[in-house]
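> Here is my input; please provide its structure:
(3 chains)
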Amino acid sequence: MAVDVRLDELSAWFGNHQAFADITFTVPERHVTAIIGPSGCGKSTLLRCINRMHEVVPRARHGGSVYLGREEIYGAHVDPVSVRRRVGMVFQRPNPFPTMSIYDNVAAGIKLNGVRHRKGELDGLVESSLQSAGLWNEVRNRLKKAAGDLSGGQQQRLCIAGAIAVEPQVLLMDAPASALDPQSTLRIEDLMAELKQQYTIVIVTHNMQQAARVADWTAFMTVLEEGEPGRLVEFDRTETIFTNPGNERTQAYVTGRFG
Amino acid sequence: MLRADRTRLARSADRCFQVLVTTFAALVLVVLGLMLARTTYTAWPVFHRFGLDFVKGRDWAPSRDVFGALPFIFGTVVTSLIAIVLAVPVSVGIALYLTEVAPARTRRPLVYLVELLAAIPSVVFGLWGLIVLLPRLQDHVWTPLSAKLGFIPLFAGPSYGQSFATAGVILAIMIVPIVTAISREVIALVPHEHKEAALALGATRWEVLRLAVLPYARAGIIGSVMLGFGRAVGETIAVALVIGGSPQITASILQPGYTIASVIANQFNEATGIHIQALVGLGVVLFAITILINVAGRLFVWRAARGLAS
Amino acid sequence: MSGVSGRRRVADRVASVWMLGSVLCALVPLAFILGYVAYKGAGLISWTFLSQSEPFSFTERGGGFWNGIKGTLKLITVATLVSAPVGILAAVYLSEYGRGRFATAVRFVTDVMTGVPSIFVGVFIYSLIVLETGHFSAWSGALALAVLMLPIVTRGAEEVLKLVPRELREASLALGVPHWRTVFRIVLPTAASGLVTALMLAVARAAGETAPLLFTSFGNRFVTGWTDFNQPDSALPLLIFRDARSAYSTAQERAWAGALVLIALVLVLTIAARFIATRRSVRTV
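Down below sits the predicted model:
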């Protein structure tokens, strides 16, 4: 079910300001790929191009292509809504629907898309999603309670459960643990290791150590000169990036000499 | 797989939705345009026949087919001016009190109460104004004023209970909430630093307000005054009950008079033919005056707010 | 405040008196009006007053304003049914797509329309409908009130919709929910109590209006059927207006009682709306 994601000369603009330019690499299926780099280099924008959320912002545009498996998501007749059903997203700050119950939050993607399930089926789907997100045992007895009552870490796992429930092929995570405490962070990281068996995962992270811990592959982006758009410097296996990078800028970044 | 995912119908739903809400938004513009167009169309025969004399003519005699709107324009302006003169000092005082002086706990309830004044229907203001306020004003204010200061043209002649003055007082009470609300908004925007600088120099509270707040809020307060004036100009029912229904142009505010809005309200139901068209024409004139004042007032407030925010 | 000259202190004192006095100048009339209406109107308030129509002869004591009360209920119901969808959808446009010159124009016109004199709205509907159909009707009255309510609803709704956090919309869109469904299933329900508040305030305003009804709905001595909108119809403010200038004390008594009912209706709506608004702001995340 999972597919790989190929970016081909991808660029993005907000009005006249170019966020990043000509990014090309392929995210292998069922692995975790991390995108690292200093802030402002366009990492999050890049992520949002993969599920066509970038275009939701007014005056936003892109150049180049993104392939989900063999299909170009920016193709002429492709509906962004169907792209987003195949590519799920978890945001930096947990954003469950506050007025909905835990159960409804997980089922939201399914119910809101008007997909009909028999009651038993839906219950099963909700449970398995919560299990995959590592939240089931904590909430199994209060599925009807409001989602707003959960802790930050729990809310984020709830969002992950909700994203998984629609059975995507790719899961995008924008610094998913950056707003959480260290313990919750580790739990999310463990989760990623399990989830990658089923989904292709791309994460943006500001934390290099996190990338080193969870990612199989790493892409390093940066702004080469002030005022320039972000560019891809190097893309390789995580081990290589962190121990023996090919590019000196990568070397400088991962050893903490800048950014 | 991507392409087949959503049916064509589902995909066009978003587009339909956008068209739908855009249409409804455009409806607002259409309504305004219709308002102006349809009424002007109905009143056109009168405009065509009298031309500019419609607004310059001092004579309003339906039985003779003579229609000059000047007495009503005069009355509208006079009553609204009286309202402004009375309401502005009060409103600015309230606005200053609420934003700068009132202890935090009393602020919310007081704001609430002042806004409650705005919720009272105009017909209730009129009823109370006519039966309760007017006799009291007549006995305790207008009559002594006419007796002692009658040599001033403004207060000349015997005082009638129903008059420009009484209407002005009622209008003043009615526009206090709007002038206060906008003044409050503007005063609250004045940056801290100005006030702190004045305090640091040892200014009294009043001096801080006078030197560090009011000058900056002035443009916005002028805007609020204009909007209050606009509100007074459009007020119909309360004025219709207390103004006395006499289309005359006179210097004395103690005399009965008439405003555009109240003459329309009073004469419409017995009017026929060209009289009705003339009343509709008056409505158009009122609309034009109100729009101009409101637009100008809003521009003032908007620019003042922008100036303070920068 | 030692070291401050006497004159400056006096000025400060005077200013304080001015400010406090101003507040009184607003509160005293408020209390005076509400008090008087309660005092003069209470005597006649009874189930009779609320359920019976006016007596045939004005000089007769008693009777009630049921024709007006029913008329008001009918008029504001239809006015709300017309203005609410239009106003809310227009507000949806402004909050979801509202950039650019068209949106600015719509906002500006909406603001301007809140200042249009209500009598002019009556004149407009008179020109548009009464002149064409040749008779007064509750339809035209309700439409006039709807035009009056429209800018209030639009403005209030837009403010509430703007408060719905962007993250909520993004969460829904990222799940592959189309925009229109996001609006109807997520944004509007989240804003629901705010929308209700905006509607209640608009209704309170419309219920108290007399001028737009003078030559649209016109008034009716008799009580009309709940679904009959083709005839002229009475309304509470119309009755109060007419009886306020009556020479007969019997009619004036009814005017006061009617004013009490009207104020009660308006205040209940206004206060309830404010109450919901404050509760909502406490609940929002």
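
> For A:Asn105, report the pLDDT, please.
Here the pLDDT value assigned to A:Asn105 is 93.

> So what touches the helix or strand where it lies?
Following DSSP states H and E, one finds A:Asn105 within helix A:102-112. With C-beta atoms under 8 Å, 6 or more residues apart in numbering or on different chains as the test, helix A:102-112 has contacts from A:85, A:96-97, A:100, A:117, A:122, A:125-126, A:129-130, A:139, A:142-147, A:150, A:158-159, A:161-163, A:165-166, C:172, C:175-177, C:181-182, C:185-186. Backbone N, C-alpha and C define where each C-beta goes, glycine included.

> Which of the residues you listed fall in helices?
Per DSSP state H, helices hold the following members of those: A:85, A:122, A:125-126, A:129-130, A:139, A:158-159, A:161-163, A:165, C:172, C:181-182.

> The contacts of helix A:102-112 also near chain B: which ones?
Among those, proximity to chain B is found for A:Arg85 (C-beta under 8 Å from any C-beta of the partner chain).

> How about the residues of the stretch 151-285 of chain C by chain A?
Counting by C-beta under 8 Å from any C-beta, the stretch 151-285 of chain C comes close to chain A at C:167-168, C:170-178, C:181-182, C:185-186, C:189-190, C:285.

> quick revisit: now the contacts of helix A:102-112: which count as buried?
Using 16 or more other C-beta atoms under 10 Å in any protein chain shown as the burial test, those include A:85, A:96-97, A:100, A:122, A:125-126, A:129-130, A:139, A:143, A:146-147, A:150, A:158-159, A:161-163, A:165-166, C:172, C:175-177, C:181-182, C:185-186 as buried.

> out of everything not next to it in sequence, what's closest to B:Ala156?
In this structure, B:Ala156 finds its nearest non-sequential neighbour in B:Ser252, 4.3 Å apart by C-beta to C-beta, 6 or more residues apart in numbering or on different chains.

> Next up, the contacts around the one you found.
With contacts taken as C-beta under 8 Å, 6+ apart, B:Ser252 has the following neighbours: B:153-157.

> Buried subset of these, written for PyMOL?
Buried residues among the contacts of B:Ser252 (16+ other C-beta under 10 Å), as a PyMOL selection:
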select buried, chain B and resi 155+156
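
> Out of the contacts of B:Ser252, which comes closest to A:Leu195?
Taking C-beta to C-beta as the measure, A:Leu195 sits nearest to B:Leu154 out of these, at 84.1 Å.

> pLDDT score assigned to the closest one?
Note on B:Leu154: pLDDT of 86.

> and the nearest residue to it once chain neighbours are set aside, backbone torsions?
By the measure of C-beta to C-beta, 6+ apart, the closest residue to B:Leu154 outside its immediate chain neighbours is B:Ile253, 5.9 Å from it. For B:Ile253, the backbone dihedrals (degrees, to the nearest 10) come out as phi -80, psi -10.

> Could you do the one 5 residues further on as well?
B:Tyr258 adopts backbone torsions of phi -160, psi 150, taken as degrees, to the nearest 10.

> Which residues of chain A lie near chain B?
Proximity of chain A to chain B, by C-beta under 8 Å from any C-beta, involves residues A:68, A:71, A:73, A:75, A:77-79, A:81-83, A:85-86.

> now with 6 Å?
A:71, A:77-79, A:82 (C-beta under 6 Å from any C-beta of the partner chain).

> Tell me the most packed of these, by neighbour count.
Neighbour count (other C-beta atoms under 10 Å in any protein chain shown) singles out A:Asp79 as the most crowded of those, with 23 neighbours.

> how many neighbours does whatever residue of the stretch 151-259 of chain A ends up closest to chain B have?
Nearest residue of the stretch 151-259 of chain A to chain B, counting by C-beta to the nearest C-beta: A:Gln169, 9.5 Å away. Using other C-beta under 10 Å, A:Gln169 is surrounded by 21 other residues.

> Can you give the domain ranges for chain B?
Using automatic domain parsing, the domain ranges for chain B come out as B:2-50, B:54-309.

> Quickly compare those domains and say which is most buried.
Scoring those by mean neighbour count under mean count of other C-beta atoms under 10 Å in any protein chain shown gives domain B:54-309 as the most buried, with a mean of 20.

> That domain: how far from the chain's middle?
Centroid displacement of domain B:54-309 relative to its chain, using C-alpha atoms, centre = their mean, to the nearest Å, is 6 Å.

> what does stretch B:28-37 give?
Put simply, stretch B:28-37 sits 21 Å off its chain's centre (C-alpha atoms, centre = their mean).

> and it, does that touch chain C?
Yes - Stretch B:28-37 is in contact with chain C by C-beta under 6 Å from any C-beta, via B:28-29, B:32, B:35.

> residues making contact with that stretch?
With C-beta atoms under 6 Å, 6 or more residues apart in numbering or on different chains as the test, stretch B:28-37 has contacts from C:90, C:106, C:109-110, C:124.

> go on, stretch B:270-282?
Applying C-beta under 6 Å, 6+ apart, the external contacts of stretch B:270-282 come out as B:39, B:42-43, B:45-46, B:62, B:67, B:69, B:260, B:264, B:268, C:123.

> Quick check: of those residues, which lies closest to chain A?
Chain A lies nearest to B:Thr39 out of the contacts of stretch B:270-282, by C-beta to the nearest C-beta, at 38.1 Å.
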